[in-house]
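Engineer: can you look at this prediction? I've put the sequence above it.
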Amino acid sequence: LIVPNIKDADKKDIFTIAEDIQSLTEKAQTRELSLPDLKGGTFTITNIGFIGGAHATPIINYPETAILATGRIRETPVVRDGNVVIRSIIPLSLSFDHRVIDGALAARFVNMIIKFLQDPALLV
């Protein structure tokens, strides 16, 4: 498993982060990642959905403080305003270090991710 990381992500906009992801992906595919590309991470996002996975219990890699696993997006019947409708649902699983992150803050974080997934225009 190779886990490169984006440096100073908190200071970048979503478009710059997307460019960094593309660059790191290309470097990983051509085996050109350097040691600094792999060190210094604090948070990981992992995707089990690409192989059909729905749910996971992601394990934090020290010294990181949290990891978010995304599952496969599935069309699922849900109730909205008393009606059953079909929605695209993506399972999210967040593991975090309680010594660093309060559970309520982690729950708010996941709710914020859900909000952005429901309305991506909020990211711009």
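Structural biologist: Thanks, I have the structure now.
Engineer: separation between Ile101 and Arg108?
Structural biologist: Here Ile101 is placed at a distance of 11 Å from Arg108 (Cβ to Cβ, to the nearest Å). C-beta coordinates here come from the backbone N, C-alpha and C atoms, glycine included.
Engineer: neighbour-wise, which of the two wins?
Structural biologist: The residue with more neighbours, out of Ile101 and Arg108, is Ile101; 15 against 11, by other Cβ atoms under 10 Å.
Engineer: show me the contacts for that one.
Structural biologist: Going by Cβ atoms under 8 Å, 6 or more residues apart in numbering, Ile101 touches Thr65, Ala66.
Engineer: and it, which of the three is it?
Structural biologist: coil (DSSP: H, G, I helix; E, B strand; the rest coil).
Engineer: again with Thr25
Structural biologist: Reducing the assignment at Thr25 to three states with three-state DSSP gives helix.
Engineer: can you count the residues close to it?
Structural biologist: Residues lying near Thr25 (other Cβ under 10 Å) number 11.
Engineer: same question, Ala28
Structural biologist: So Ala28, with other Cβ under 10 Å, has 15 neighbours.
Engineer: wait, Ala106 sits on Asp97?
Structural biologist: No: using Cβ atoms under 8 Å as the test, Ala106 is too far from Asp97 to be in contact (9.8 Å).
Engineer: need the residues touching each of these two.
Structural biologist: Ala66.
Engineer: out of these two, which sits in the more crowded spot?
Structural biologist: Each of Ala106 and Asp97 has its neighbours counted (other Cβ under 10 Å); Ala106 has more, 17 against 14.
Engineer: would you map the strands across the chain?
Structural biologist: 43-47, 66-70, 74-80, 83-89, 92-96 (DSSP state E).
Engineer: including mean pLDDT, could the ones you listed go into TSV?
Structural biologist: As requested, the strands of the chain are exported to TSV (pLDDT from 0 to 100):
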stretch	mean pLDDT
strand 43-47	91
strand 66-70	95
strand 74-80	95
strand 83-89	96
strand 92-96	96
